[in-house]
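In: Let's see this in three dimensions:
(one chain, ligands or ions: 1)
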Amino acid sequence: MNNPTESSFRATGTVALRWQGISLELLDQRLLPAQEHWITLENASGVAQSIQNMVVRGAPAIGISAAYGVALAARHAGAGGWKAEIKQAVHELSASRPTAVNLFWALQRMERVFHGCGSLREAQVRLADEAIAIHQEDLAGNLAMADHALEAMGFFADSGGSKPISVLTHCNTGALATGGYGTALGVIRRLHEQKLLTQVYADETRPWLQGSRLTAWELMREGIPVTLNADGAAAAILAAGEVSWIIVGADRITANGDVANKIGTYSLAVLARYHNVGFMVVAPSSTVDMSLESGAEIPIEERGGTEVREVRGIPLAPEGVSVFNPVFDVTPANLIDVIVTERGAVRNPNKTAMQGLFG
Ligand code: MRU
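Out: Sure thing, here's the model as predicted:
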């Protein structure tokens, strides 16, 4: 099989995870951009903790890491109790974060393979292969969704002469959040490759600062023109009239086209409608959860108040102040112009249109 880490590196120069057969290496995203530090994990518990602690984050990267976590559980399982050990690993990984459905999708895929294995040796080989396949497919999907997205924006294969545009994005949806390349950030990369991008406004993305710490870092490494802005500046940027599209990722998309994504996405969708700016969601089909009718059913993760009260241990608020820290919100389908996946685009998403592509 092609090594997905190498393919991802070739695509962008940035990788979030490296599979080494006996271990999984994760780039510690908590320390970026100050330090590029890799953590080596040899068991599923370590992977589950790394997902929960945000060493690795972003819906697709969480799913891929969890899949490798199951492969590690098989790799290091004892001959006597290997089935119970792998089941326990799946259970632990599934409790790491609640909102991104890619986690549960990847674990279900791994469980299906596991149930077909008759011996530990078979499980070791087939679970590692399945995790690599999930990783590879994610990268390939990112490249395909970039094509569909440009078409949905009105740029066609031969876009020579088209006027470049500026876009605004939120959170980090790039190589760091996926198997490589990126979802929304993959579309932005593709616009840049095609000389169709003037610049990207990157929301800093309070409270965890994925935009300033990760998106700005990824884009600057490749010389993609990026301007960082405080989240509250988005309205003024749109009012100035320069931005044509807001492009974001997703953690879960329900059967009616509602989208859970990083907190602050919903406000951007409201702003986009008011200012007549296009609003595009880009995600792999593994983010689509047709078992939920609407966004009201999506479990929204709340994280500790320290993430809002402090930055890297420096207090920003009065000690002990009470904090509300939901880390995702739900954008209703009627505020979304188009959802793009590797399977194609759903314009004006609703139940019928979603059923057409994902039924
Ligand atoms: O809390 P995070 O950093 O895992 O949240 C990430 C996001 O909300 C992303 O927009 C989403 O997962 C898509 S990543 C391709």
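In: For the rest of this, base every contact and every neighbour count on C-alpha atoms.
Out: Noted.
In: for the ligand, what are the nearby residues on the chain?
Out: Residues of the chain found near the ligand (Cα under 6 Å from any ligand atom) are 57-60, 171-173, 177-178, 182-183, 249-251, 261-262.
In: Neighbour-wise, which one of these leads?
Out: Within the residues of the chain next to the ligand, Thr183 tops the neighbour count with 37 neighbours, counted by other Cα atoms under 10 Å.
In: wait, that one sits on Ala144?
Out: No - between Thr183 and Ala144 there is no contact under Cα atoms under 8 Å: 9.8 Å.
In: Now stretch 120-127 - C-alpha only, CSV.
Out: C-alpha atoms of stretch 120-127 as CSV (Å, rounded to 0.1, in the frame of the first residue of the first chain):
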residue,chain,number,x,y,z
LEU,A,120,-4.7,-12.5,16.5
ARG,A,121,-2.2,-12.6,13.6
GLU,A,122,-5.0,-12.0,11.1
ALA,A,123,-6.4,-9.2,13.3
GLN,A,124,-2.9,-7.5,13.5
VAL,A,125,-2.5,-7.5,9.7
ARG,A,126,-6.0,-6.7,8.7
LEU,A,127,-6.6,-3.9,11.3
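In: Pro98 touches Ile300, doesn't it?
Out: Yes - with contact defined as Cα under 8 Å, Pro98 counts as touching Ile300 (7.0 Å).
In: the more surrounded of the two?
Out: The residue with more neighbours, out of Pro98 and Ile300, is Ile300; 20 against 16, by other Cα under 10 Å.
In: Relative to Ser8, how far out is the more buried one?
Out: Shown here: Ile300 relative to Ser8, a distance of 30 Å by Cα to Cα, to the nearest Å.
In: what does Ala106 give?
Out: Note on Ala106: its distance to Ser8, by Cα to Cα, is 19 Å.
In: In the stretch 251-359 of the chain, what residue comes closest to the ligand?
Out: Taking Cα to the nearest ligand atom as the measure, the stretch 251-359 of the chain has Lys262 as its residue closest to the ligand, at 3.6 Å.
In: Retrieve the pLDDT associated with the residue nearest to that residue when sequence neighbours are not counted.
Out: If the residues on either side of it in the chain are set aside, Lys262 comes closest to Phe328, at 4.3 Å by Cα to Cα, 6 or more residues apart in numbering. Phe328 is assigned a predicted lDDT (pLDDT) of 98.
In: wait, Phe328 sits on Asn261?
Out: Yes - between Phe328 and Asn261 there is a contact at 5.2 Å, judged by Cα under 8 Å.
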